[in-house]
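[1] Give the three-dimensional model of this entry:
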Amino acid sequence: MYDIIIIGGGPAGLTAGLYAGRSNLKTLIIEKDVVGGQISSTAFVENYPGSIEDATGMGLSERMLEQTSKFAEVKYENVKEVDLEGKTKKVTTSKGEYEAKVVIISTGASHRKLGVSGEEEFANKGISYCATCDGPFFTGLDIFVVGGGDSALEEAIYLTKFAKSVTIIHRRDEFRASGYVVDRVKENPKIKFELDSVVKEIKGDREAKSIVLENTKTGEIKEVKAEEDGPIGVFIFVGYLPQTKIFENVLEIKDGYIDTDEDMKTNVEGVFAVGDVRRKKVRQMVTAAADGCIAAISANKYLENNQW
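    Numbering: from 1, shown residues only. Model (predicted):
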């Protein structure tokens, strides 16, 4: 029996584990993949307090894990099922069943896909969702980045380290990214733009070789490819999907995100949600860490007010 089980080892989950463990609560963090969540695959982290100029997402994630592991247990297992409605919560994974008095959900979000023809066919054959992971494989090639937010533009800048050229494809003529990032993109001589455009299809043979675009204003269809006929890289950064499926029949969920109050409480007693998986206005690493802190403190108060 654990005091707290945290599902997910991103910045929110690791922070919750750090605060809970330091409060002498028996804490277990269950992570299905790698700690750090989305941040682990980010090239550089410049907007988290204390991160130095050349800090990588993976490096920062590893330091957070090292710190939290001093106070909380971490297991790498895939959560298959949860029973949250009783006073004792049960979490079933691919390796066994665990019980806790409190569950903190920090399952984050996964990469959103375009859903166009060729996307599945050329996955890992030219199409990627992680610049840090796959950028070096596209050295010397023409790369296309789909998206207009901070992640898309930051990764486009990173990919110029390897690419012959980087073309950003965005459905509007203005970007959603912060002004500082937009300025850096526009100043980079390796970066070009296909604005007011959406991807309709990705073509190729054994590898991706071209992208069919539709102009959102004129309806014009055109095909873009490498300057010299050959394979291309297509990096897709169009948002994320919250990982809430196994909680759908128990928790209040709207637009895929879990509803919480300012104390991170859900509609079920003893269950809290933090980070990108909950409904909130700003989804950043720093707000995820804040969520984790608040949830751990709220959970501690809940445990103090309830007897087992």
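
[2] So residue 188 is in contact with residue 159, correct?
    No: with contacts counted by Cβ atoms under 8 Å, residue 188 stays clear of residue 159, the gap being 10.3 Å. In short, each C-beta sits where N, CA and C put it, glycine included.

[3] Between the two, tell me which one has more neighbours.
    Taking other Cβ atoms under 10 Å, residue 188 and residue 159 do not tie; residue 159 has more neighbours (27 against 14).

[4] Distance check, that one against residue 35.
    Using Cβ to Cβ, to the nearest Å, residue 159 is found at 24 Å from residue 35.

[5] Touching stretch 281-298 from outside, list them.
    Applying Cβ atoms under 8 Å, 6 or more residues apart in numbering, the contact partners of stretch 281-298 are 4, 10-20, 23, 39, 45, 47-49, 104, 106, 262-265, 272-276, 278, 280.

[6] end-to-end on stretch 237-247?
    26 Å (Cα to Cα, to the nearest Å).

[7] Run the chain-centre distance for it.
    Computed by Cα atoms, centre = their mean, to the nearest Å, the chain-centroid distance of stretch 237-247 equals 9 Å.

[8] tell me which residues of it are tucked away?
    Within stretch 237-247, the residues scored as buried using 16 or more other Cβ atoms under 10 Å are 237, 238, 240, 242, 243, 244, 246, 247.

[9] packing partners for the helix or strand harbouring residue 153?
    Assigned by DSSP states H and E, residue 153 belongs to helix 150-159. Contacts defined by 3 or more Cβ pairs under 8 Å, 6 or more residues apart in numbering; DSSP states H and E place helix 150-159 against helix 131-134, strand 142-146, strand 165-169, helix 179-187, strand 233-236.

[10] Under the pLDDT cut-off, which ranges of this protein? List them.
    53-54 (pLDDT under 70).

[11] per the record, what domains does it have?
    Residue ranges for each domain of the chain read 2-111+240-304, 127-236, as given by automatic domain parsing.

[12] quick one: which of those domains is nearest residue 118?
    Of all those, it is domain 127-236 that lies closest to residue 118, at 3.4 Å by Cβ to Cβ.

[13] Please tell me how far the closest one is from the chain's geometric centre.
    Between the centre of domain 127-236 and the centre of its chain there are 20 Å (Cα atoms, centre = their mean).

[14] quick one, helices of the stretch 151-300 of the chain?
    Secondary structure of the stretch 151-300 of the chain (DSSP state H, counting those that start in this stretch): helices located at 179-187, 285-304.

[15] Give me the most central residue, the protein.
    The centroid of the chain falls nearest to residue 38 when counting by Cα atoms, centre = their mean (3.2 Å).

[16] wait, what's in contact with the nearest residue to it once chain neighbours are set aside?
    Spatial nearest neighbour of residue 38, excluding adjacent residues (Cβ to Cβ, 6 or more residues apart in numbering): residue 108 at 6.6 Å. Neighbouring residues of residue 108 by Cβ under 8 Å, 6+ apart: 8, 10, 12, 37, 38, 240, 242, 243, 275, 276, 277.

[17] switch to 7 Å and redo it
    By Cβ atoms under 7 Å, 6 or more residues apart in numbering, the contact set of residue 108 is 8, 10, 37, 38, 243, 275, 276, 277.

[18] again with residue 270
    Each residue near residue 270 by Cβ under 7 Å, 6+ apart is listed here: 89, 101, 102, 103, 302.

[19] cutoff 8 Å now
    So residue 270 contacts 84, 87, 89, 101, 102, 103, 299, 302, 306 (Cβ under 8 Å, 6+ apart).

[20] what does residue 8 give?
    For residue 8, the contact set (Cβ under 8 Å, 6+ apart) comprises 29, 30, 31, 37, 105, 106, 107, 108, 243, 275, 277.

[21] Looking at those residues, which are in strands?
    Among those, the ones falling in strands (DSSP state E) are 29, 30, 31, 105.

[22] now, among those, which is nearest to residue 133?
    Nearest to residue 133 out of these is residue 31 (Cβ to Cβ; 17.5 Å).

[23] my guess is the closest one meets residue 13, correct?
    Yes: the pair residue 31 / residue 13 is scored as a contact, 7.4 Å apart, by Cβ under 8 Å.

[24] neighbour count winner among these two?
    Between residue 31 and residue 13, residue 13 has the larger neighbour count (other Cβ under 10 Å), namely 34 against 24.

[25] Helix or strand for the more buried one, just tell me which one.
    helix 11-22.

[26] list the helices and strands that helix packs on?
    In terms of contacts (3+ Cβ pairs under 8 Å, 6+ apart), helix 11-22 is packed against strand 2-7, strand 27-31, helix 57-68, strand 97-105, helix 285-304.
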